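Enquirer: Starting from these lines, generate the structure:
(chains A, B, C, D, E and F)
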4 protein chains.
Amino acid sequence: MLDAAVRVFGRRGYRAASMEEIAELAGVSKPLVYLYLNSKEYLFTVCLRREAAALKAAVLSGAADAEPGGSVERRIWSVLMAFFTHTTGNPDGWALLHRQARTHGEPFAAEVAALRAELTRYVTSLITTAPTGPRTPRAATALAHALVGAAESLADWANTTPDATAHEAARTLLRLTHPSLPPHD
Amino acid sequence: MLDAAVRVFGRRGYRAASMEEIAELAGVSKPLVYLYLNSKEYLFTVCLRREAAALKAAVLSGAADAEPGGSVERRIWSVLMAFFTHTTGNPDGWALLHRQARTHGEPFAAEVAALRAELTRYVTSLITTAPTGPRTPRAATALAHALVGAAESLADWANTTPDATAHEAARTLLRLTHPSLPPHD
Amino acid sequence: MLDAAVRVFGRRGYRAASMEEIAELAGVSKPLVYLYLNSKEYLFTVCLRREAAALKAAVLSGAADAEPGGSVERRIWSVLMAFFTHTTGNPDGWALLHRQARTHGEPFAAEVAALRAELTRYVTSLITTAPTGPRTPRAATALAHALVGAAESLADWANTTPDATAHEAARTLLRLTHPSLPPHD
Amino acid sequence: MLDAAVRVFGRRGYRAASMEEIAELAGVSKPLVYLYLNSKEYLFTVCLRREAAALKAAVLSGAADAEPGGSVERRIWSVLMAFFTHTTGNPDGWALLHRQARTHGEPFAAEVAALRAELTRYVTSLITTAPTGPRTPRAATALAHALVGAAESLADWANTTPDATAHEAARTLLRLTHPSLPPHD
DNA sequence: GATGAATGAGGTTTCATTCAT
DNA sequence: CATGAATGAAACCTCATTCAT
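Expert: As a prediction, the model looks like this:
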C-alpha cells in the first residue's frame, strides 16, 4: 500500500497525486487508505521517511560492506555502488526523494534537506582527508555539493537511460574524482 | 505578467500555484490572464520556454564573450560564469526550470529534458577534446551528465547559501574538472 | 449500551453522534451495536422511546404518590417534584428528549410531540378545574403550553445552574401558578 | 441567499443541512455560497447573528413603541406583542435561534445563551419591580427562566398551531403573569 | 456469537475557467 | 478592452454499514 503511494507520489508529485489513484493502484478502497494513514499529508510523510531511511540504510550498509583494511578509494567505491544500486532498483522512491519532496512546502523540503545535508557532510569529510583537496571548509562544502549533485544527476541518468547500470554510474563518478585510478571491476 | 507567473510557478510548483495568485501578483484580473495566455498549461509552457531561452542565451553569450584566441579552459570559465550568474540573478526562473518543470507530466518534462540534452551534448563535446578524457562516447555522455548535475547542484547551493557568489560556484566546478589549474580571479 | 447511546446522542445530537463513539463508550464493538439495534435511526428511536417512557413513568408515579385525599395543589406539587427530580437526575435523557429529538426530521419530532401533547392535555385538565382558570378550551390549551414550556425551561436551568435543585424548580413553577400559596417544605 | 440558509439550517439543523441544498434553494451554485460566505461554519454564524440581531431589534422597537406615560403592564404588552409578532412572522429564524443553535457545539450555543441571558436579565428586572414578586435574586432569576421558557413555548405553539396569532400568545402569557388584568384589545 | 477489516455514498471545499457587462 | 460574478468538476475526507473469520 505504501508502495503504491510512493509510486504515485514519485511520478505525479504531491499535489497531482490523488488518493483515488493511490487506492486504486494498491487495489483497495479510498477509506482504507485513510484508515491506515490518516491523511494525504501524513501518507506523504510516511512515504518520505520510509524512502529516506531505506536510502540511508543502503548507503550505510554499503560502507560497512567494504573490507576493513581496504583503501579509501575502495570504500568510496562501495558507497557509490550501494547508492546507485539502490536508486536504480527503486526509481520511484528516488524520484520521490530527489524530485517531489523538494518541490513541496516546508515540512517536507526540510526533511529531505536534512538527509541531503547529512550526505553532504559525509562527502565533505571524505574530501577533506584527501591530500589534494580544497583548503578551506567553505570550498570543501561547495565541492561536496557539486559531487552530490553529480551523483544525483547520474542516478537520474541511470534511471532514464536504457541498459545503464549502477556500476556504470559509480565508475563515472569515481573517475571524475579520481582520474588516475584504473577502472574498477 | 510572465514575471509574476514565473515567480509563483517557481516557488509553489505547477499544481499548487493558483491563477488567482498569479493574477494578483501581476496586478491584473484573472480574465486578462486568460485573454493573453489561454490556459494554465499554456501559461506554464510560455514561462518554461521563456526561461529556457533566457538561460540558453545567457550561456551562449558567455561562450561568445570569451576571447577568440583564448584557451579552452578560458572558454569553459566564461560559460560557467555566465551560467551561474544567470541562475543566481534569476532564482525563480531557475527553480522553474530545474525543479518545477521536471516534476511534472510529459509535455513539460520533455521540453526541459531537451534543453538539458542540448547542454549535455555541448559538455560532452568539451570533454571529448580533452586528452585525458573518457575514451568511449557512452562514457563521455555519462560524465557530461555528472558534470551538468554538479553545476545544477551548485546553482541551487549558490541560491540558498548566504553570500555565495556565481564566481565561487564557477571556481568550485572548474577546480573539479581541472584540479591542476590555478584559481581564477 | 443504550445508556451510552443516550449519553452520546444527548450531548452531540443525532447527526454529530457517531456509532463509533457510542460503541466505544459502551465498551463493545460496532458490529455488536448493529446486531442488537439495526441502524442508527432505530437506535435513536429506541433511546427516544426509552427516555419518553421513563419520564412518563416518573411523572405518573409522582402523581400516584400523592395522598389520595390531598388537595389538588398537593398533587400538582408531587407531579412537579417527580418531573424535576427525573430531569435533574437524568440530564442526558432530558437533553435527548427536549433538545435533540425535536431538532430532527419528522419521525422523531412527531414522537416527542406526542409525548408533549399528552403532558399538555394533562396540564390542561388541571387548569380547567381551577375556578379562576381560562374560560375557553383554546385558551386553556395555550396556557398549558406556556406552563409546559416554563417547566422545560426550569429543567434546563436546574441542569445548568450549579446547586440548583429539583425542589427549587418545582417551588418556582408552583409559585407562578399559585402565587398565594405558602412556600412548600 | 442568507434567507435560504436560515431556512435550511432552521429546518434541518446544522449537521443535517447541506451546502448543496442551501445553494439550490437560493438558486445559485455551491461555489458562489463559498465565495460570499467562507465556510459552512461561518455561514451559520452569520445566520445566527442576523437572526439574533433581528429578534433583539424587534423586541427593543416594541419596547420603544409603548407610550412614554403608560403603565408597566402596557409596556410588557408591547414587548410581548413585538416578540411574538417577530417569531410568528419569521418561523425559520426562530427555529434557528431557539432550536438549532442551542444543540450545537460551544461557539454557537454560547452566543445564543448570551442573548437569552440578556432577555432573562430584562425579565428579572421587570419581575423584581412588581410588589408581589419574589423576594430573593435567586428566586427572581429562576422565575424569569420559567417565564422565558413559557414565552418560547408559546412561540413554538403559535408557529405550529393553525390560525394561532401573536396576539393570542401574548394574551396567554400576560394572563399568566397578571391574572387579574382584563383581556387586552 | 463477536469482531477486524473493508467500502459506498455523500459532504465540504477549491480551482481553472467563462460570460455579461 | 477589462472585469465582477458565477460555475463544473474534482479533490480530500468521514461515516453508517457489512462481510469473513
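Enquirer: any idea of the pLDDT on the residue in chain A sticking out farthest from the centre?
Expert: If you look at how far each residue of chain A sits from its centre, by CA atoms, centre = their mean, the farthest one is residue A:31, at 31.2 Å. Residue A:31 is assigned a pLDDT of 94 by the prediction.
Enquirer: Repeat that for residue A:183.
Expert: Here the pLDDT value assigned to residue A:183 is 61.
Enquirer: Give the buried residues for the longest helix seen in chain A.
Expert: For chain A, the helix that runs over the most residues, judged by DSSP state H, is helix A:40-65. Using 16 or more other CB atoms under 10 Å in any protein chain shown as the burial criterion, the residues of helix A:40-65 that qualify are A:40, A:43-48, A:50-52, A:54-55, A:58-59, A:62. In this view, the C-beta of every residue, glycine as well, is placed from N, C-alpha and C.
Enquirer: Restricting to C-alpha, output the helix or strand bottoming out on mean pLDDT in chain A in PDB.
Expert: Taking all helices and strands of chain A together, the one with the lowest average confidence (mean pLDDT, DSSP states H and E) is helix A:106-129, at a mean of 89. What follows is helix A:106-129 as a C-alpha-only set of coordinates in PDB (Å, rounded to 0.1, in the frame of the first residue of the first chain):
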ATOM      1  CA  GLU A 106       8.400  23.400   4.300                       C
ATOM      2  CA  PRO A 107       7.900  20.300   6.400                       C
ATOM      3  CA  PHE A 108       8.900  18.000   3.600                       C
ATOM      4  CA  ALA A 109      11.600  20.000   1.900                       C
ATOM      5  CA  ALA A 110      13.300  20.500   5.300                       C
ATOM      6  CA  GLU A 111      13.200  16.800   6.000                       C
ATOM      7  CA  VAL A 112      14.900  15.800   2.700                       C
ATOM      8  CA  ALA A 113      17.200  18.800   3.100                       C
ATOM      9  CA  ALA A 114      18.400  17.300   6.400                       C
ATOM     10  CA  LEU A 115      19.100  14.000   4.700                       C
ATOM     11  CA  ARG A 116      21.000  15.700   2.000                       C
ATOM     12  CA  ALA A 117      23.000  17.700   4.500                       C
ATOM     13  CA  GLU A 118      24.000  14.600   6.200                       C
ATOM     14  CA  LEU A 119      25.200  13.100   3.000                       C
ATOM     15  CA  THR A 120      27.000  16.300   2.100                       C
ATOM     16  CA  ARG A 121      28.800  16.400   5.400                       C
ATOM     17  CA  TYR A 122      29.900  12.800   4.800                       C
ATOM     18  CA  VAL A 123      31.300  13.700   1.400                       C
ATOM     19  CA  THR A 124      32.900  16.800   2.800                       C
ATOM     20  CA  SER A 125      34.800  14.700   5.300                       C
ATOM     21  CA  LEU A 126      35.900  12.300   2.600                       C
ATOM     22  CA  ILE A 127      37.100  15.200   0.500                       C
ATOM     23  CA  THR A 128      39.000  16.900   3.300                       C
ATOM     24  CA  THR A 129      41.100  13.900   4.000                       C
END
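Enquirer: hey, where'd the helices end up in chain A?
Expert: Taking DSSP H as the test, the helices found in chain A are A:2-12, A:19-26, A:30-36, A:40-65, A:72-89, A:91-95, A:106-129, A:137-160, A:166-177.
Enquirer: Thanks a lot, catch you later.
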